[in-house]
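Colleague: A predicted structure for the sequence below; I have some questions about it.
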Amino acid sequence: MLEIEGLSVEVEGKGIVHDISVNVDIGETLVLFGPNGSGKTTLLMAIMGFPRYRVTKGRIVFKGQDITHLPVDERARMGIGILFQRPPVVRGVKMREMVRACLGEREDGYVIDEMAQRLNLVDLLDREVNYGFSGGEVKRSELLQLMAQSPEFILLDEPDSGVDLVNISLVGEMINELLQEDRMRSRTKSGLIITHTGHILDYVNADRACVLLYGGIWCRGNPRQILSSIKTHGYEGCAVCQK
Amino acid sequence: MPEVARSKAARERAERAREKAASLGDDIDLDAYSKVAKEHPYQDDPSRLPLETKERMLETGVILDDSSQRSGTFLQVDHSVIHSKAGQEGLEVMSSQEALEKHPWLSDYWWRAVAVDADKFTAQAELHQTHGYFIRALPGVKAIQPIQACLYLAQHGLAQNVHNLIIAEEGSELHIITGCATAPIEQEGLHIGISEFYVKKGAKLTFTMIHNWAPKMAVRPRSGIIIEEGGVFLSNYMCLKPVRTLQMYPTAQCLGEDALVRFNSVLVAAPGTLMDVGSRAILAARGSRAEVVSRAITTGGTIIARGHLVGQVAPVKGHLECRGLILSEEGRIHAIPELEGLVEGVDLSHEAAVGKIAEEEIEYLMARGLSRDQAIAAIVRGFLSVDIEGLPPQLEAELQRAVDLSEKELL
Ligand SMILES: Nc1ncnc2c1ncn2[C@@H]1O[C@H](COP(=O)(O)OP(=O)(O)OP(=O)(O)O)[C@@H](O)[C@H]1O
Ligand SMILES: [Mg+2]
């Protein structure tokens, strides 16, 4: 579904991601580990197509089409969605309008209030997007928007950071729904999840994982195994292991 | 002009201020405008006015086809009052000139909230006044529907000088919608509007004013508001259409304890428009509060957005918020918030932000599938829709309508 071929990305003239190649198949969920500043967010932002994240080499292919130079909104309309690690505040625009905008032309019975209820966000619908939201509220508001947008390929940038023990199961449940993890067969949705703690893995059945280190991919394998090895050996372990 | 109630002293002060330039705004040559207007006939049934006129008025929130939606109507075209009617017991709606004749005691209110010799515009309004409205709610009377007033300029090159007087007596409640508009788009003219508001003890006055001028119009409103104990004055002002020059700085004085004033304004300046608009609150009684919120958008014109809070006693509380959005390379927004505390224990604050729409916000919305234009439209729409608490639903709908109309033109 998504093929990243020899991708290099720079931000403000500084090379951050170097020559990365990864594939995510239809119905597959890939986990991305890596220390702070290793370039995880940069990679996701480049896949989504934000102009500040400039692709200097390689290409991104989505559903067989080269999207390396497509604008953000076209990628979104092709079916890519993102949960931001740190979304901006949009003063004046109410959550309700934002969710309605995410729905677009689609009106497949999505009831905004009902979804907000499930995500425990009813009080936030009449507030300005992300304005004064708590850390956990930001994540759930991002999920509410994604539920409305219903993308086929979902980039999740630390959906479990700053989420409390009660809300993590809610977040996990929603992500499962987004990724159709509840289906045994014929899953058509794919995902790429960044996590530090791995909490989300208690809820989401991820297929594969890789470690991003110094802007490159160092290790690929089973998500739980990699997580436990990072827990015991740290990221240095990954670096050593590869050599 | 009924001289009975007019004070000679006021006239003399006006004479002396005849040439006195205003402290703010570009100067205007009063002699460039005509003072004489042709009379327009009185209309018993305003729904029979020409369709085009009705539509222009409707755009400012003035509804003429369904009188059940309003508790009173006042319509003035140029110098003629063409309709005036109160639709509820305990409400008075009439020409302010007529009111001065009917209630000689009104002279106590005349030029008390606004100084007659403030500048040449107040002077001209005293020396050459033609009507304006008088709206009053008797003690304890609550207007069921809004009362609407429209000041309309039809004659090219005319100076319209009106003096409005609004009194919400003790414990009363009034909602007023004022629409100001001009006939055709090429209209040149000058509108001088004096408005004096008196909000008595425990009364509540909501004043919503929509200005729809024309690119060659000069506009100089002069407003003063006096609020007594526990009184509430809520003002919503919108000027979303082009105007050549507009300068106003309505000033509310909270003279009674726990008085509350809130000014909301939404301004859009097209190329060629100069707006110098502010709101001032003087907190002169304990427990009084003021909130000033303004939104300014330029698509090429200049906006000077002012705000001034004066805390004269303690405790009082006031907040100023000014946000400006620049949607074109040529536009300019200059926010000038002023806070003045005269004693210890006043609580005054402000926040101001002026800039372009952040690229990050546009891209955020684009990542949800909106095109760039749709994203900008959503942000601008959000920016324009000021949250207005305590506004009756009909008024809210009226404001939303005005915003929707301008949005279409903006984007
Ligand atoms: N706008 C920018 N200007 C300069 N450097 C930037 C910019 N954005 C990102 N970087 C740098 O790029 C590097 C990678 O950042 P990125 O956000 O991709 O890291 P990350 O792996 O997501 O880290 P974290 O786990 O902390 O979220 C960091 O060193 C960061 O400071
Ligand atoms: Mg990150």
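Modeller: Nice, I can see it. Numbering: from 1, shown residues only, chains lettered A, B, ... in the order given. Ligands and ions are numbered 1, 2, ... in the order given.
Colleague: So, low pLDDT: which residues of chain A?
Modeller: Per-residue confidence for chain A (pLDDT under 70) gives these ranges: A:107-110, A:181-185, A:239-243.
Colleague: residue closest to the middle of it?
Modeller: Using CA atoms, centre = their mean, the residue of chain A that lies closest to the mean C-alpha position is residue A:156, 1.6 Å off.
Colleague: and that one, that one's in a helix?
Modeller: No: Residue A:156: not assigned to a helix; according to DSSP: H, G, I helix; E, B strand; the rest coil it is strand.
Colleague: and the gap between it and residue A:169?
Modeller: Separation of residue A:156 from residue A:169 (CB to CB, to the nearest Å): 16 Å. Just so you know, the C-beta spots here come from the backbone N, C-alpha and C atoms, and that holds for glycine as well.
Colleague: Now do the helices in chain B.
Modeller: Across chain B, reading from the start of the chain, the helices by DSSP state H fall at B:8-17, B:51-58, B:96-102, B:120-127, B:359-366, B:372-384, B:393-410.
Colleague: got the residue ranges for the strands in the stretch 151-300 of chain B?
Modeller: B:158-168, B:173-182, B:188-199, B:204-212, B:216-227, B:232-239, B:245-248, B:251-254, B:260-269, B:274-283, B:289-298 (DSSP state E, counting those that start in this stretch).
Colleague: Ligand 2: which of those strands is closest?
Modeller: Evaluated over the strands of the stretch 151-300 of chain B, closeness to ligand 2 peaks at strand B:289-298, with 34.1 Å, by CB to the ion.
Colleague: Sheet partners, orientation included, of the closest one?
Modeller: Strand pairing for strand B:289-298, using DSSP bridges, gives strand B:260-269 (parallel), strand B:316-326 (parallel).
Colleague: Quickly compare those strands and say which is most buried.
Modeller: Between those, the one whose residues have the most neighbours on average, counting mean count of other CB atoms under 10 Å in any protein chain shown, is strand B:260-269 (a mean of 25).
Colleague: average pLDDT across that one?
Modeller: Confidence over strand B:260-269 (mean pLDDT, whole number) is 94.
Colleague: what are the bridge partners for residue A:32, then?
Modeller: residue A:194, residue A:210.
Colleague: Throw the strands of the stretch 151-300 of chain B into a markdown table and include distance to residue A:94, thanks.
Modeller: As requested, the strands of the stretch 151-300 of chain B are arranged in a markdown table below (distance: least, CB to CB, whole Å):
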| stretch | distance to residue A:94 |
| --- | --- |
| strand B:158-168 | 32 |
| strand B:173-182 | 25 |
| strand B:188-199 | 31 |
| strand B:204-212 | 22 |
| strand B:216-227 | 31 |
| strand B:232-239 | 19 |
| strand B:245-248 | 30 |
| strand B:251-254 | 29 |
| strand B:260-269 | 17 |
| strand B:274-283 | 25 |
| strand B:289-298 | 15 |
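Colleague: Helices of chain A, residue ranges please.
Modeller: A:40-48, A:72-78, A:95-103, A:112-118, A:135-149, A:165-178, A:223-242.
Colleague: between these, which gets nearest to residue B:179?
Modeller: With CB to CB as the criterion, residue B:179 lies closest to helix A:95-103 of the helices of chain A, at 27.6 Å.
Colleague: Now do that closest one: which elements does it pack against?
Modeller: Other helices and strands packing on helix A:95-103, by 3 or more CB pairs under 8 Å, 6 or more residues apart in numbering or on different chains; DSSP states H and E, are helix A:112-118, strand A:128-129, helix A:135-149, helix B:372-384.
Colleague: For these, give me JSON lines that also has mean neighbour count.
Modeller: As requested, the helices and strands packed on helix A:95-103 are exported to JSON lines (neighbours: other CB atoms under 10 Å in any protein chain shown):
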{"stretch": "helix A:112-118", "mean neighbour count": "16"}
{"stretch": "strand A:128-129", "mean neighbour count": "24"}
{"stretch": "helix A:135-149", "mean neighbour count": "22"}
{"stretch": "helix B:372-384", "mean neighbour count": "19"}
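Colleague: Turn these into TSV, including distance to residue A:104.
Modeller: Compiled in TSV, the helices and strands packed on helix A:95-103 are given as follows (distance: least, CB to CB, whole Å):
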stretch	distance to residue A:104
helix A:112-118	13
strand A:128-129	17
helix A:135-149	8
helix B:372-384	10
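Colleague: could those go into a markdown table alongside distance to ligand 1?
Modeller: As requested, the helices and strands packed on helix A:95-103 are exported to a markdown table (distance: least, CB to the nearest ligand atom, whole Å):
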| stretch | distance to ligand 1 |
| --- | --- |
| helix A:112-118 | 27 |
| strand A:128-129 | 21 |
| helix A:135-149 | 14 |
| helix B:372-384 | 21 |
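Colleague: what about the residue lying closest to residue B:345 once chain neighbours are set aside, how many neighbours?
Modeller: Counting by CB to CB, 6 or more residues apart in numbering or on different chains, residue B:314 is the residue found nearest to residue B:345 once chain neighbours are left out, at 3.1 Å. Residues near residue B:314, counting by other CB atoms under 10 Å in any protein chain shown, number 16.
Colleague: Test my guess that residue B:314 contacts residue B:285.
Modeller: No: contact status for residue B:314 versus residue B:285: not in contact, 10.7 Å apart, counting by CB atoms under 8 Å.
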